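Okay, predicted coordinates and the sequence, questions at the end:
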Amino acid sequence: MIQSLLIANRGEIAVRIIRTCREMGIRTVVAYSQADRDSLPVRLADGHVCVGPAPARDSYLNVRNLVTAGVLSGCDALHPGVGFLAENASFARDVREAGLIFVGPDPEVIELLGDKIRAKRSALDLGIPVIPGSAGSVSDADEALSAAEDIGYPMIVKAAAGGGGKGMRIVRSGNELADVLAIASHEAEKAFSDGTVYLERYLENPRHVEIQIVADRSGNVVHLGERDCTVQQNHQKLVEESPSPAVSADLRERMGNDAVRLLGGMGYTGAGTVEFLVKDGEYFFMEVNARVQVEHPVSEMVTGVDIIRQQMLAASDESLEIRQQDVHLGAYAVECRINARSAGRITQFISPGGFGVRIDTFLYPGYQVPPWYDHLVAKLIVTGRTRPEGLRRMERALSEMVIEGIATNIESQKKIISHPVFRKGEYGTGFLGEILKEGGL
Amino acid sequence: MDMKELYALMERFEKSGLSELVFKKDGEEVALKKVLSVPQAPPATPVAHAAHETRAPAAEPHVKQASDTDVIRSPLVGTFYVAAAPDAPPFVEKGDIVKKGKPLCILEAMKLMNEFQAEFDLEIVAILAENGKMVEFGAPLFEVRRV
């Protein structure tokens, strides 16, 4: 079993990992930047090592300092958290070469899944439905035009190395294709140092549904049901819930089985997510996130399974504590991401609580939210026996929450949760854009 | 500029995304700097120093130093060695005068021995890190006096 863990991350995910490790008797050391000296994870962890100045490229992305910190502080494993280096195969390799366990899938698997074209091909080979698209990357406009004849419009141009909406562009007709291709490729080149793009049918207003997987080295691959992450703004998720109002028991079983087959087939270990788009009762494989995700607590609350704990067990070459037949998807859970809209000192913080309420955050009164990093400052998760009960509870919890000293999106989350279209559960990824047009947020 | 204005400026600067700010008014000049780039001399004004002071549980390694000395800090996470090999004499000792470009110590990271050199002519006032022990980013290594 892992004895001592370096956490190469910050904020709420670092706090989340420390909590499970404490329960498992694992010592934690958190790597932090000079801007995070006062942070909650630094206070909570058993040890801490400063790895660089505030800019992430010099601290949370500083491979040499992170690996050295892990080795010299006596750790036997490293957890990359989410974002930063979590899906960087060469980092995973460096961690291993330094003699540490990387808490995540093998570097070869990260590499395969990081290449969206290869990942899609793996799904196709297993007969998993994928969105119609170019067989591989497209390099020029002529090639794209001929591929477009088979795919049909509207189409979406995507970066092969992509994520976070960068290098993504919608094309509605053949005339715009050449221009859009050039822009998307340029954007991808700038964001990922790789201008390779590919084409896909653009599903108008689909639902974004993902399957949570945990897997160990002895071949146990278990899915924890789905999360619906359809409420997005600029491809950034804002509300996540499980079960999805758009997924039937039959659809869930088929998607779950396909996700298990896909990751099981490539020897995946630890926590991972298979993302699908769902439209009119059909589902299409999109991509795999080869790490734990921000919204993992939603599945934890529905199933009662601690996903970080399973990750730590799998990384220690131990068996998962659950098998598929132990997973019961009885309850409902929903998460609202609370994002900062400015940096500053927290002058007042009142955390919601009570029955069925969980909050994962690194805020405390007096804490200075630094301007350098991701804007997520808290995750508010509630459970209920049914969706209406859970959403009423979420409204109640949001109304209790007070964060002063910085601007947040709490008010806009209240509007989303109480919006009649959201309540009805019938909407697609364009939903938030429509509310925005109403002037609601 | 009175102290109140100065404090207000410091607070706004702390919250801003800026890493450096020079404010000139009526012949006065205030320089604020957020990110410590090491090794280098501490920021020129006491004001600038206050701008990145923190009340920290993981307090920035504090060093008692004379007013005319500088503290050289570690630019990386690594193991601190005073000599090139266990049986070799140390690069520097207390009281030594060291020319710019001469080695001060070795910082080992990922099996690489990084020779760490003096950025200016200096006198070693004190060696602040322990031989063979880990130093974190920003850890004080030497107290020095410019010569």
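Sure, I can see it. Numbers count the residues shown, from 1 in each chain, chains lettered A, B, ... in the order given.

Which helix or which strand is home to residue 108?
Using chain A here. helix A:107-114 (DSSP states H and E).

wrong chain, I was asking about chain B
Per DSSP H and E: strand B:103-109 holds B:Glu108.

That strand near chain A at all?
Yes - looking at strand B:103-109 against chain A by C-beta under 8 Å from any C-beta of the partner chain, the contacts come from B:Ala109. Glycine gets a C-beta too; all of them are placed from N, C-alpha and C.

Can you list the strands that the next helix or strand after that strand pairs with?
Next in sequence after strand B:103-109, counting helices and strands by DSSP H and E, comes strand B:112-117. Under the criterion DSSP bridges, strand B:112-117 sits next to strand B:103-109 (antiparallel) in its sheet.

Give me the buried positions along the partner strand.
B:104-109 (16 or more other C-beta atoms under 10 Å in any protein chain shown).

Just send the residues you listed back as JSON lines, with pLDDT too.
Output for the buried residues of strand B:103-109, formatted as JSON lines (pLDDT from 0 to 100):
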{"residue": "B:Leu104", "pLDDT": "97"}
{"residue": "B:Cys105", "pLDDT": "97"}
{"residue": "B:Ile106", "pLDDT": "96"}
{"residue": "B:Leu107", "pLDDT": "95"}
{"residue": "B:Glu108", "pLDDT": "94"}
{"residue": "B:Ala109", "pLDDT": "90"}
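
Looking at those, spot the one nearest chain A.
B:Ala109 (4.4 Å; C-beta to the nearest C-beta).

Name whatever forms a beta bridge with that closest one.
Note on B:Ala109: beta-bridge partners B:Leu112, judged by DSSP bridges.

dump the residue contacts of it.
A:64-65, A:68, B:76-79 (C-beta atoms under 8 Å, 6 or more residues apart in numbering or on different chains).

Output the below-cut-off pLDDT ranges for the stretch 151-300 of chain A.
For the stretch 151-300 of chain A, the stretches flagged by pLDDT under 70 are A:163-165.

all helices of chain B, in order?
Assigned by DSSP state H, chain B shows helices spanning B:3-15, B:46-51.

Compare those helices and say which comes out lowest on pLDDT.
Comparing mean pLDDT across the helices of chain B, the lowest value falls on helix B:46-51: a mean of 34.

Could you tell me which residues make contact with the residue located most distally from the centre of chain B?
In chain B, the residue that sits farthest from the middle, by C-alpha atoms, centre = their mean, is B:Asp26; the gap is 31.1 Å. Residues in contact with B:Asp26 (C-beta under 8 Å, 6+ apart) are B:Met1.

swap in A:Thr269?
Taking C-beta under 8 Å, 6+ apart, one finds A:104-106, A:109, A:215-217, A:314-315 in contact with A:Thr269.

Ok, B:Ala118 next?
B:98-104, B:144.

From A:Thr273, how far out is it?
51 Å (C-beta to C-beta, to the nearest Å).

what is the orientation angle of the host helix or strand of A:Ala182 with helix A:107-114?
If you go by DSSP H and E, A:Ala182 is part of helix A:174-192. Interaxial angle, helix A:174-192 versus helix A:107-114 (axes from the mean of the first three to the mean of the last three C-alpha atoms, to 10 degrees): 150 degrees.

packing partners for helix A:174-192?
The contact analysis (3 or more C-beta pairs under 8 Å, 6 or more residues apart in numbering or on different chains; DSSP states H and E) places helix A:174-192 against helix A:141-151, strand A:155-159, strand A:169-171, strand A:197-201.

could those be laid out in JSON lines, adding distance to chain B?
Supplementary listing: the helices and strands packed on helix A:174-192 in JSON lines, determined by distance: least, C-beta to the nearest C-beta, whole Å:
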{"stretch": "helix A:141-151", "distance to chain B": "38"}
{"stretch": "strand A:155-159", "distance to chain B": "27"}
{"stretch": "strand A:169-171", "distance to chain B": "28"}
{"stretch": "strand A:197-201", "distance to chain B": "31"}
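
Of those, which is nearest A:Gly52?
Nearest of the helices and strands packed on helix A:174-192 to A:Gly52, taken as C-beta to C-beta: strand A:155-159 at 27.8 Å.

how much distance is there from that closest one to the middle of the chain?
20 Å (C-alpha atoms, centre = their mean, to the nearest Å).

Which strands and helices lie in contact with that strand?
Counting by 3+ C-beta pairs under 8 Å, 6+ apart, strand A:155-159 packs on strand A:169-171, helix A:174-192, strand A:197-201.

most neighbours per residue, which of the ones you listed?
Most buried of the helices and strands packed on strand A:155-159 by mean neighbour count (mean count of other C-beta atoms under 10 Å in any protein chain shown) is strand A:197-201; its value is a mean of 24.

Give the other helices and strands that it contacts.
Using 3+ C-beta pairs under 8 Å, 6+ apart: strand A:197-201 touches helix A:141-151, strand A:155-159, helix A:174-192.

mind checking which of the helices and strands packed on helix A:174-192 is nearest A:Leu126?
For A:Leu126, the closest of these is strand A:197-201, at 18.4 Å, according to C-beta to C-beta.

List of residues touching that closest one?
A:116-117, A:131-134, A:136-138, A:144, A:147-148, A:151-152, A:154-160, A:167, A:181, A:184-185, A:188.
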